[in-house]
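# model the structure of this input:
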Amino acid sequence: MMNPMRRLKTALAVALAALMIVPLAACGTTDATDSDPDIARSYNVDGIQKDDAIAAMLPESVTDDGKFTVGVNITYAPAEFLAADGKTPVGYEIDLDKALAKIFGLDLDIQNSTFDTIIPAVGSKYDVGISGFTVNKERIEAVDFVTYAQAGLTFAARKGNPTHVNVNDLCGTRVSVQVGVVAETEMYKMQDACQAAGKKRIEILPYRNQTDVTTALIAGRVDLMYADTPVTGYAVAQTGDRLQVIGENEGVAPMGVAIKKGDAATVKAVKAALDKLKETGDYERIMKAWGVENVMVNKFEVNPKVEG
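This next block holds a predicted model:
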């Protein structure tokens, strides 16, 4: 198995490539080799068959090119990231992408982009966006959502918390976050609260890619990183003894597939496809393959009521 620091260096190289916003091939598990544990871990979707009734729900705007085009930010492990080979996209959301494409009878076309540019391009450049999007009021105004998971936010510190951070009083600390995610928004709210209380402000270091968020913490440029709970947990697991989760899981909220606002046909098709995956057990098996059963939901909802 590749050691954590080498994995991190590979991820950094990938993060730089991500800024070029290039498409990625969606490799199936039939190409997996035992030498690449990330590919070997991926769920095999070969047994999932096209559902003609569900596929017929999709509008021509999605089906006319024969592709199911999904916008993702490929630096967000374990949801989506590049395997140790540096070229194969893997993760639980990638496996969900593959499964949806199978049900629709379309070829999967994964398009890599920076996180904050995906939602504005849904419906034009991408059929959907699936990249750990927390459903909130601001985003629901821009796109429609079909939920498939739920997650909160969690801090990580370097092992042993060497700067003695108290997560109940973050004023004066340095925190890394990814640009455009809910964690960034929440940190700026905390920063404002510190200033309003007359305390030292939080120094927020935003990065375009989650790999850079994690690396900033390991390198000691920040005291904490803040991200979705499964992302933080995976970062801790993949960096050996360098990091630790600190504090509690906060603000659990739904995550959803982003679909062009008003595209009722695609919303209906995605919801039906997810329901089918739950019925067959493939949804649960995908999540278990990546150890993220804790983010599973009992039902998939369209534009759920949310706060903030």
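
# how does this structure divide into domains?
4-151+253-295, 152-252 (automatic domain parsing).

# ok, for residue 79, nearest residue in space, not its chain neighbours?
residue 93 (4.3 Å; Cβ to Cβ, 6 or more residues apart in numbering). All C-beta spots, glycine's among them, are computed from the backbone N, C-alpha and C.

# ok, now which ones touch that neighbour?
72, 79, 80, 130, 131, 132 (Cβ atoms under 8 Å, 6 or more residues apart in numbering).

# before we move on, back to that, least confident of the domains of the chain, on average?
Comparing mean pLDDT across the domains of the chain, the lowest value falls on domain 4-151+253-295: a mean of 87.

# and it, how far out from the chain's middle?
The chain centroid and the centroid of domain 4-151+253-295 are separated by 9 Å under Cα atoms, centre = their mean, to the nearest Å.

# re earlier: could the domains of the chain go into CSV alongside distance to residue 304?
Converted to CSV, these look like this (distance: least, Cβ to Cβ, whole Å):
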stretch, distance to residue 304
domain 4-151+253-295, 6
domain 152-252, 12
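
# out of the ones you listed, nearest to residue 301?
Nearest of the domains of the chain to residue 301, taken as Cβ to Cβ: domain 4-151+253-295 at 4.8 Å.

# circling back to that earlier point, among the contacts of residue 93, which one has the most neighbours?
residue 79 (30 neighbours; other Cβ atoms under 10 Å).

# look up how far residue 197 lies from that residue.
35 Å (Cβ to Cβ, to the nearest Å).

# the residue nearest to residue 79: which element?
According to DSSP states H and E, residue 93 maps onto helix 92-104.

# then residue 151?
With DSSP H and E as criterion, residue 151 is part of strand 143-158.

# list the buried residues for stretch 239-251?
Neighbour-count burial for stretch 239-251 flags 239, 242, 243, 246, 247, 249 (criterion: 16 or more other Cβ atoms under 10 Å).

# wait, a strand at the fifth one?
Yes. Counting by DSSP: H, G, I helix; E, B strand; the rest coil, residue 247 falls inside a strand.

# contact partners for it?
154, 155, 167, 168.

# which of these count as buried?
154, 155, 167.

# count the residues that sit near residue 281.
Neighbours of residue 281 using other Cβ under 10 Å come to 9.

# that older thread, pull the CA atoms of the helix holding residue 93 into CSV?
The C-alpha trace of helix 92-104 is given here as CSV (Å, rounded to 0.1, in the frame of the first residue of the first chain):
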residue,chain,number,x,y,z
TYR,A,92,-18.6,6.6,-3.3
GLU,A,93,-20.1,9.4,-5.4
ILE,A,94,-18.2,8.2,-8.5
ASP,A,95,-19.7,4.7,-7.9
LEU,A,96,-23.2,6.3,-7.6
ASP,A,97,-22.5,8.2,-10.9
LYS,A,98,-21.7,4.9,-12.5
ALA,A,99,-24.8,3.2,-11.1
LEU,A,100,-27.1,6.0,-12.3
ALA,A,101,-25.5,5.9,-15.8
LYS,A,102,-26.2,2.2,-15.9
ILE,A,103,-29.8,2.6,-15.0
PHE,A,104,-30.2,5.3,-17.6
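
# now do the contacts for residue 306.
Residue 306 neighbours (Cβ under 8 Å, 6+ apart): 135, 136, 137, 140, 253, 254.

# before we move on, which element is the residue nearest the centre of the chain in?
For the chain, the residue nearest the mean C-alpha position is residue 132 (3.2 Å; Cα atoms, centre = their mean). Assigned by DSSP H and E, residue 132 belongs to neither a helix nor a strand.
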